[in-house]
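# Any chance you could fold what I've pasted below:
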Amino acid sequence: MDSHVSPVLTDPVPVNKSRLGIHSSLLTYSQPDSPHSSGKYSRTGSRKSAANLDDVRSNDWLDAMKASSPPRKKLLKGSIAQVASIDKDIDDFLSFMLDYPSALDSFENIIDRAKNKKIAMFLDYDGTLSPIVDDPDCALMSEAMRATVRSMARYFPTAIISGRSRDKVFDLVKLTELYYAGSHGMDIIGPFRQTPSNNLPNCVKSTDHQGKEITLFQPAREFLPMIDEVFRTLVEITEDIKGAKVENHKFCVSVHYRNVEENNWSTIGQRVHDVLKNYPRLRSTHGRKVLEVRPVIDWNKGKAVEFLLESLGLNDWDDVLPIYIGDDKTDEDAFKVLHEGNRGCGILVSSTKKESNAFYSLRDPTEVMKFLQLLVNWKRQEERKHGEK
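Prediction:
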């Protein structure tokens, strides 16, 4: 792959100005007679509606918030209760490992699948390259992880696909050798190739700071004013909830409740729900102690993987093994793409039992780094073998 791809753009130029229509995969959901962006949110109204949580409960928001945010375990009193809890944890873990074997223990199986194929690596950031922490601004990857990912990019095309804004995740990773997709894949920088994807709306050709041609694809560009408006509203209506944090990721907004008392989760859910009543073209999804507000378009991390593979010239599924490593619900879209037809290898990062479309698992970012190092060392050995022949 071309190294030193930078996310810094200069003078974007439309690749194709055709106005023949929008690709069917990018059609937004619409409601009859609904405006593009309707009305301002009434803060006074939010206070009144927060007292009545029927909307949140009837739509299972609160259950989903709890399910995606398992509480920290408390020490149980009594030796019998402790032993029973430990036994259950062990049973759950063994069951989880049967369904999703360790990618470290299964490394040889993964390599067998990779023989005579090109490997493309896709990585989530939070919880995968960095630990999950209370303050998202402090989710920093270690220097050892950074060096490992840099080595990965020397041998394999490597991309970071994150829910964070593309600029933010680049500031955290600080590697120009990679490709980046921010906002759950709605803001992509990839290599430039003349492909059918270049004909999509909001796909432009640009250059990095070294003058190399790159592709910038932002399928939700028209939503930028709406996202900014909702961000400001959500900041205002959550400022009285201790621990709440709202982040603008350019094409989506995150409402974090990791540091919020659990008895206030339903209040956050209700207020976000009330705001979105005025924006039928936006929806909310659940992550790990976070509500993600994003445009209602048929685009996600899975489609970002397909777009990048095509841009890299690796869309021949018989000749490539894409590997995706991630830990959150939004990564399931990518796992699903790779799972269908056994086209790639999805690896879930989790130390607790959960359902997934992934094939394998790793427990935490430390195991992720070990797996990446194994892959790099294997590739080095392969190149030495071929060099000796």
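
# So S206 belongs to a strand, correct?
Yes: according to DSSP: H, G, I helix; E, B strand; the rest coil, the state of S206 is that of a strand.

# Could you measure from it over to N357?
S206 is 33 Å from N357, where distance means Cβ to Cβ, to the nearest Å. For glycine as for every other residue, the C-beta is placed from the backbone atoms N, C-alpha and C.

# so where do the strands sit in this structure?
Here the chain has its strands, by DSSP state E, at 10-14, 118-123, 158-161, 179-182, 187-191, 203-207, 213-217, 245-248, 253-256, 282-287, 290-295, 320-326, 345-349, 360-362.

# hey, least reliable of the ones you listed by pLDDT?
The stretch with the lowest mean pLDDT among those is strand 10-14, at a mean of 41.

# re earlier: using TSV, lay out the strands of the chain together with distance to E262 and mean neighbour count.
Putting these into TSV (distance: least, Cβ to Cβ, whole Å; neighbours: other Cβ atoms under 10 Å) gives the following:
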stretch	distance to E262	mean neighbour count
strand 10-14	45	12
strand 118-123	31	22
strand 158-161	30	26
strand 179-182	30	26
strand 187-191	33	24
strand 203-207	43	19
strand 213-217	39	21
strand 245-248	16	20
strand 253-256	14	24
strand 282-287	15	19
strand 290-295	15	24
strand 320-326	26	25
strand 345-349	24	26
strand 360-362	27	25
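
# Can you say which of the ones you listed is nearest to A103?
strand 360-362 (4.0 Å; Cβ to Cβ).

# Output the contacting helices and strands for that closest one.
Where contact means 3 or more Cβ pairs under 8 Å, 6 or more residues apart in numbering; DSSP states H and E, strand 360-362 is packed against strand 345-349.

# Would you mind giving the orientation angle of the strand it packs on with respect to strand 320-326?
For strand 345-349 against strand 320-326, the angle by axes from the mean of the first three to the mean of the last three Cα atoms, to 10 degrees is 10 degrees.

# so how far is P201 from Q194?
17 Å.

# Compare the two and say which one has the larger neighbour count.
P201 (17 against 11; other Cβ atoms under 10 Å).

# okay, the more buried one: pLDDT?
P201 carries a pLDDT value of 78.

# cool, and N59?
N59 carries a pLDDT score of 57 in this model.

# I figured L172 hits M145, correct?
No: counting by Cβ atoms under 8 Å, L172 does not reach M145; the two are 11.0 Å apart.

# what residues are shared contacts of those two?
Common neighbours of L172 and M145, using Cβ atoms under 8 Å, 6 or more residues apart in numbering, are S130.

# ok now do I214, which residues does it touch?
When contacts are counted by Cβ under 8 Å, 6+ apart, I214 is found next to V5, L9, I189, G190, P191, F192, K205, S206, T207, D208.

# tell me, how many neighbours does the nearest residue to R221 once chain neighbours are set aside end up with?
In space, and not counting its chain neighbours, R221 is closest to N202: 4.6 Å by Cβ to Cβ, 6 or more residues apart in numbering. Using other Cβ under 10 Å, the number of residues around N202 comes to 15.

# Could you pull out the helices in the chain for me?
All helices of the chain, identified by DSSP state H, fall at 43-50, 54-58, 61-67, 79-99, 107-114, 143-155, 166-173, 224-238, 265-276, 301-311, 332-339, 365-388.

# got those as JSON lines, with mean neighbour count columns?
Output for those, formatted as JSON lines (neighbours: other Cβ atoms under 10 Å):
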{"stretch": "helix 43-50", "mean neighbour count": "14"}
{"stretch": "helix 54-58", "mean neighbour count": "14"}
{"stretch": "helix 61-67", "mean neighbour count": "16"}
{"stretch": "helix 79-99", "mean neighbour count": "12"}
{"stretch": "helix 107-114", "mean neighbour count": "15"}
{"stretch": "helix 143-155", "mean neighbour count": "17"}
{"stretch": "helix 166-173", "mean neighbour count": "20"}
{"stretch": "helix 224-238", "mean neighbour count": "18"}
{"stretch": "helix 265-276", "mean neighbour count": "22"}
{"stretch": "helix 301-311", "mean neighbour count": "23"}
{"stretch": "helix 332-339", "mean neighbour count": "22"}
{"stretch": "helix 365-388", "mean neighbour count": "15"}
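
# quick one on the thing from earlier: wait, what's in contact with the residue nearest to R221?
Counting by Cβ under 8 Å, 6+ apart, N202 touches F217, Q218, P219, A220, R221, E222.

# pLDDT score for the residue nearest the centre of the chain?
Centroid-nearest residue in the chain: S162, 3.9 Å away (criterion: Cα atoms, centre = their mean). pLDDT, S162: 96.

# Could you pull up phi and psi at it?
The phi and psi values for S162, taken as degrees, to the nearest 10, are phi -130, psi 160.

# pLDDT below threshold where in the stretch 51-200 of the chain?
Residues of the stretch 51-200 of the chain that meet the criterion pLDDT under 70 lie in 51-93, 196-199.

# again, only using 50
Residue ranges of the stretch 51-200 of the chain with pLDDT under 50: 51, 58, 73-76.

# follow-up on the earlier one: filter the contacts of N202 down to the buried ones and hand me the ChimeraX line.
Restricted to buried positions by 16 or more other Cβ atoms under 10 Å, the ChimeraX selection for these reads:
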select :217,218,219,220,221
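
# Any chance of the contacts of N202 in JSON lines with distance to S284 as columns?
Formatted as JSON lines, the contacts of N202 follow (distance: Cβ to Cβ, whole Å):
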{"residue": "F217", "distance to S284": "24"}
{"residue": "Q218", "distance to S284": "21"}
{"residue": "P219", "distance to S284": "19"}
{"residue": "A220", "distance to S284": "15"}
{"residue": "R221", "distance to S284": "21"}
{"residue": "E222", "distance to S284": "19"}
